[in-house]
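A.B. asks: here is a sequence with its predicted model. Questions after.
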Amino acid sequence: MSHSHIPGSWVEAPAQHSNGSLFEGETPSIKRYDSAGALYLEEINKHFGKPEDLGSVDSYIEVLDKELDILKLQEKNKSDKLIHFKNRMKKNAEKVKLYSEIVENCIRNTQEPFLFESMEEKTFFETLYTSIRHLKSLQASKTYLLILVQVERLSCLIEKCIETDKKTALISYHQLIQWNYSVKKSNKDSERPLVHLEMLIQERLRNLWDIIEIKLCQDFHNHFEEIGWPDKIKKGISPSAESFKRFQSSFQTLLIQHCEIIKSLENKDENLECTQTGNSDVLLPFLIMVRPLNIQFRYHFMEKRKTDRIDKVNGILNLIFLSLFSQNDVQNIINETPEHDRNSLNEFITALLKIVEEKIKASIEYLLMNVHIFSHFVCETIKFDNILQQDFGYFPYKGQWNGMIHIALGNSKNFMTWVESEKKFSIEQFQNIIDVTISPNTWDLDYDSVGESETKPTNSSLRIKCLIESITEQYRPLKDFNQKSIFFTEIQCYILNSYYERLKSAADAFEVTFSRIIQAVSGNKTDKMIHDVKGLETLCRVYGSCVFIESCLSDWDDDILFLELWQDLTKNKIISEANTNSENLNSLLEFGQEREIKEKLQPYFKIYTWSSSENPSSSIAMSSLVSMQMVDVLKLIDSLLSFLKRAVSHLTFLRIYKQFSLTVESLLWKKVILKNDFSERGGIQFTRDVWEFWATCSKYVEKPEQNMKKIEDAITLLSLNSSNEDDKKSISTVASIIFDTYKSFEEKKQYLKTIGVKNINIAEAIDILQKRIDCWAQ
């Protein structure tokens, strides 16, 4: 019979043992197990102590299996109970967490709707909510009461100490400011802010500040009266050293203490009404110092008295200037305080301007009903602003200063009222300038206002320039760019456009009249104003006016004021029209001269004695008289060039003269040279006439012959002598070479250069030589 191995009893096989009990004694081969193994072994030995007991192993195993099943069932029941218990604990933990959140939300006043599982829960939480609300109300009441107690304590301490211990009073006031800040901050975050408490503290701050300010200012007021401010100081009476020292001490004390309070409020992001002084940028001592001056101002200019004349604004503003005494001593006092960066004069002016602003606002309605007085008031106020800035160097401590004028003109309706008034007045001045019945010499040329080499303007253009510049000075101090732009376009552009239209109409009228005369049969007996120098002067008046205004517009480009305004399209239109008008007038000047010279040269063109057979020597040319028909022409040329030399600029004169000389050259070439035959005498006479023409022009331009080189060559050929055949400058010699068909073109050209003919070609030289009647006789 094989025996099954029982775990834990031994480790070696039973076949190694014989004779004797299997369980008796100990052998070296048996290995002991731990206590559990020993327990199992003991149990087995208990039931199987003898070999005979092994027969009941199966029954014993069945018993053990039944016991094991019972234990497993018990274990399963316990495990199920444990799982149920854990689930219940987890659910209860979640509910506790939810209850905790509900309570916290209730405390924070952020309660959300919640569906309770039972009436018991609902009752519990309603009771809890009620308790929390009562607790919060109690807490708020406690806080309210504690703050009230502190406010009352500090208020009483301030009122008690302000007479005896100003330092303690000020410290307590700072603490009260801190309480106000704390309450205000908590109110911002609270659903039930303590508004009444905040209002109460601010009211206490205002009332206590009045008490503190009165007490702080009382010493300062007494001390500045002691030094004789304001009357004695304005008269130059110096205070005693002791009184000024007391004034200095009270000034610095008031300044430092007040500034500390202001800075404390600024640090707390606070802006209490108790610190509002009408102008928070002004140091308190200066506000106190101007009080007697404000009283004087109100007495004279804000009561029903003879001195209250808004039309006499000079007197009002002069009182301010008289009050601006030397601030050097006061500046030295400020320099010893933390406010050393402040300027005493600026502080004093800022404090004084408040009463002036009040006066302007009170008078604006009356001023708008009287536009002339309003315009005068605006001009004087602008002067006042300029004096403050330029003479006193006034610049406020904070922000840009738009001037006192901004108070009157800041409203667009008020500004447009002033603009319309100034426009009406400026247009009247403009009409007076251009009206010849009022200003008979308005269109005369002014020869002394510019240099000799510049185009001469008319009196009207000079006056228009002065008018435009005076208007500019009126609105230059304005700070608002839109206001400047409106003033510029409504008045200055209007005047410039009107003046341009007047000049254009004059030029158009001249051109129309001139065209009508050209078409008339007896045009030389019509309108004398367009003939000779008179006609030229008429054009030069218009031209000079146009050029002068155009140059002024260009000069104004350099003015800082116009750097922005000049971008406007109106300005571009004005300059464009001025340029067009001056170009048209330039053409008219050139055309007018051409017409005049053509008319005067008509008798000269009709001379038929150029081919006379007399043969004077060429030496007679310089001593012979000019042709009678040329005398009037030379007189006209002299008068025209003399006038133009004075009336227009040097460059314009040269441009006109060049065109004029080219016109004369063309006329002489076509009407005299090509249409007539010449003898030696006729050629010399024509040469003499041309020399006289150049001699007349040489008084105004250098080397006038340079602009008439073809005529210069022509008179060289026409004046060749015919008596000496051996002379290389005789007509026969020149003709023999020029007409020689065997000579090349270059040879003929080179020969002409040797006798001084350099500008006409061979064909033209042949045509001129053929005009000599003795050329064919050679």
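C.D. replies: Thanks, I have it. The shown structure was predicted, so the numbers you read here are calculated from the model rather than taken from an experiment. Residues are numbered from 1 along each chain as shown.
A.B. asks: how many residues are close by the residue lying closest to P239 once chain neighbours are set aside?
C.D. replies: Nearest non-adjacent residue to P239, counting by C-beta to C-beta, 6 or more residues apart in numbering: I227, 3.6 Å away. C-betas here are computed from N, CA, C, even on glycine. Burial of I227 is recorded as 19 neighbouring residues (other C-beta atoms under 10 Å).
A.B. asks: residue contacts, I227?
C.D. replies: By C-beta atoms under 8 Å, 6 or more residues apart in numbering, the residues touching I227 are I233, P239, S243, F244, F247.
A.B. asks: which elements pack onto the host helix or strand of the third one?
C.D. replies: When secondary structure is defined using DSSP states H and E, the element that contains S243 is helix 241-267. For helix 241-267, the elements it packs on are helix 166-189, helix 195-226, helix 284-289, helix 328-335, judged by 3 or more C-beta pairs under 8 Å, 6 or more residues apart in numbering; DSSP states H and E.
A.B. asks: how about those in a markdown table, adding mean pLDDT, distance to E490 and mean neighbour count?
C.D. replies: Formatted as a markdown table, the helices and strands packed on helix 241-267 follow (pLDDT from 0 to 100; distance: least, C-beta to C-beta, whole Å; neighbours: other C-beta atoms under 10 Å):
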| stretch | mean pLDDT | distance to E490 | mean neighbour count |
| --- | --- | --- | --- |
| helix 166-189 | 80 | 51 | 17 |
| helix 195-226 | 81 | 49 | 17 |
| helix 284-289 | 85 | 41 | 22 |
| helix 328-335 | 82 | 44 | 15 |
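A.B. asks: dump the ones you listed to a markdown table, plus distance to K670.
C.D. replies: Below are the helices and strands packed on helix 241-267 laid out as a markdown table (distance: least, C-beta to C-beta, whole Å):
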| stretch | distance to K670 |
| --- | --- |
| helix 166-189 | 101 |
| helix 195-226 | 97 |
| helix 284-289 | 89 |
| helix 328-335 | 86 |
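A.B. asks: mind checking the SS state of D308?
C.D. replies: Under the three-state scheme (DSSP: H, G, I helix; E, B strand; the rest coil), D308 adopts coil.
A.B. asks: pretty sure it is touching F301, no?
C.D. replies: Yes. With contacts counted by C-beta atoms under 8 Å, D308 reaches F301, the gap being 5.2 Å.
A.B. asks: between these two, which one's more packed in?
C.D. replies: F301 (22 against 17).
A.B. asks: show me which residues of the helix or strand that contains E428 are buried.
C.D. replies: Using DSSP H and E, E428 falls within helix 412-434. Neighbour-count burial for helix 412-434 flags N414, F415, T417, W418, V419, S421, E422, K423, S426, F430, I433, I434 (criterion: 16 or more other C-beta atoms under 10 Å).
A.B. asks: can you give me the strands in the chain?
C.D. replies: Remark: no strands are assigned in the chain by DSSP state E.
A.B. asks: longest helix of it?
C.D. replies: helix 57-107 (DSSP state H).
A.B. asks: check which helices and strands it is in contact with.
C.D. replies: By 3+ C-beta pairs under 8 Å, 6+ apart, helix 57-107 packs against helix 119-161.
A.B. asks: so what's the gap between the helix it packs on and the chain middle?
C.D. replies: Its chain's C-alpha centre and that of helix 119-161 lie 58 Å apart, by C-alpha atoms, centre = their mean, to the nearest Å.
A.B. asks: so which elements touch that helix?
C.D. replies: Under the contact criterion of 3+ C-beta pairs under 8 Å, 6+ apart, helix 119-161 touches helix 57-107, helix 166-189, helix 195-226.
A.B. asks: quick one: the closest residue to H372 other than its chain neighbours from Y499, how far?
C.D. replies: Taking C-beta to C-beta, 6+ apart, and ignoring the residues beside it in sequence, H372 has S421 as its nearest neighbour in space, at 7.2 Å. According to C-beta to C-beta, to the nearest Å, S421 and Y499 sit 21 Å apart.
A.B. asks: for D69, see how far away F247 is.
C.D. replies: Separation of F247 from D69 (C-beta to C-beta): 114 Å.
A.B. asks: try F653
C.D. replies: For F653, the distance to D69 equals 141 Å [C-beta to C-beta].
A.B. asks: these two: which is more packed in?
C.D. replies: Under the criterion of other C-beta under 10 Å, the comparison of F653 against D69 puts F653 first, with 20 against 10.
A.B. asks: which residues does that one contact?
C.D. replies: Applying C-beta under 8 Å, 6+ apart, we find F653 in contact with L644, K645, Y700.
A.B. asks: run the last query once more with 10 Å
C.D. replies: By C-beta atoms under 10 Å, 6 or more residues apart in numbering, the contact set of F653 is S453, T455, L641, L644, K645, R646, A647, F660, Y700, V701.
A.B. asks: which two among those are spaced furthest apart?
C.D. replies: Spatially, the most separated pair among the contacts of F653 is S453 and F660, at 18.5 Å (C-beta to C-beta).
A.B. asks: tell me the gap between the helix holding E428 and the middle of its chain.
C.D. replies: On C-alpha atoms, centre = their mean, the centre of helix 412-434 falls 26 Å from that of its chain.
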